[in-house]
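Novice: Take a look and give me a structure for this.
(one chain, ligands or ions: 1)
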Amino acid sequence: MDLSIEKGFALRNRTFTIALAAAATLALGACTKEQPYQIDLPMKELMGHVIDPAAWTFWRTTGWVDDETGTHNRLPTTEEGWLAAETGAVTVAEGANLLMLPGRREDDGDWMKIAKQLYDASMESRQAVIDRDEQKMFDTGGKMYEACVACHAKYLLPKLPPEERDATFAPLPEVAPKDKGATLMKVPAEPPK
Ligand code: HEC
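Specialist: Residues are numbered from 1 along each chain as shown. So this is what the prediction gives:
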């Protein structure tokens with residue numbers, strides 16, 4: 001047998017083995033790096049279907065309304081109502097985590113800071129519900145709202161054409177009864193049953 005051929009084969013064989021090993025390592029690498037979560041839902045839908053309705057589930061139970069008979073708070077009046085308010089708050093908090101996922105977040109700086117602000121405000125809102133604290137619910141709801149606005153101001157509005165920048169997307173604040181010195185949120189209609 002010609003030695004050089006045998007050596008050539010051995011070498012090729014070795015190269016092939018190395019190539020295989022490299023492919024296996026790559027595959028393994030890809031495997032361990034594979035995301036265990038899915039981020040297919042576009043940001044617009046995450047906002048419209050998850051974050052926004054959850055925020056309103058909480059917000060609509062806060063603040064005060066004026067009518068001919070005086071100023072009334074909008075606190076829940078049943079256990080079910082309180083539970084819904086709490087559910088709204090924790091859903092926004094967990095929604096804030098979804099905003100932070102790699103692939104969703106737009107940067108590691110302000111985006112993360114604002115999302116964390118939203119998380120904290122939402123968890124404080126939950127605590128305010130648990131405490132049945134009317135003023136705290138209003139204040140923490142305001143903090144939640146500020147986080148929404150801060151993120152939109154930086155990451156959404158600049159991308160819109162100038163004529164759409166005073167955007168008509170929710171949440172839109174409304175002026176509250178003067179004596180409360182507060183700002184009321186515009187409350188969308190109850191979701192259809
Ligand atoms: C960390 C950033 C961030 C935070 C916090 C945030 N948003 Fe958004 N939001 C966005 C971005 C980005 C868009 C634009 C998505 C698109 O159109 O691609 C958006 C869009 C929206 C829209 C428009 C959806 C549509 O149908 O066009 C609504 C409504 C909305 N957000 C509500 C909220 C509310 C309510 C909060 C707070 C409780 C909030 N967002 C907090 C980033 C954020």
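
Novice: looking at this structure, which helix or strand does the model trust least?
Specialist: The least trusted helix or strand in the chain, going by mean pLDDT, DSSP states H and E, turns out to be strand 173-175, with a mean of 39.

Novice: Quick check: the closest residue to residue 143 other than its chain neighbours vs residue 131, distance?
Specialist: Nearest non-adjacent residue to residue 143, counting by CB to CB, 6 or more residues apart in numbering: residue 121, 3.8 Å away. (C-beta placed from N, C-alpha, C; glycine too.) From residue 121 across to residue 131, the span is 15 Å (CB to CB, to the nearest Å).

Novice: hey, where'd the strands end up in this structure?
Specialist: 64-67, 70-73, 173-175, 183-185 (DSSP state E).

Novice: and this protein, which residues reach the ligand?
Specialist: Within the chain, the residues that sit near the ligand (CB under 6 Å from any ligand atom) are 43-44, 47-48, 51-52, 55, 92, 99, 111, 114-115, 118, 144, 147-148, 151-152, 155-156, 169-171.

Novice: Next, count neighbours for residue 35.
Specialist: 9 (other CB atoms under 10 Å).

Novice: got a list of what it touches?
Specialist: Residue 35 makes contacts with 102, 103, as judged by CB atoms under 8 Å, 6 or more residues apart in numbering.

Novice: For it, give me phi and psi.
Specialist: Per-residue torsions, residue 35: phi -70, psi 130 (degrees, to the nearest 10).
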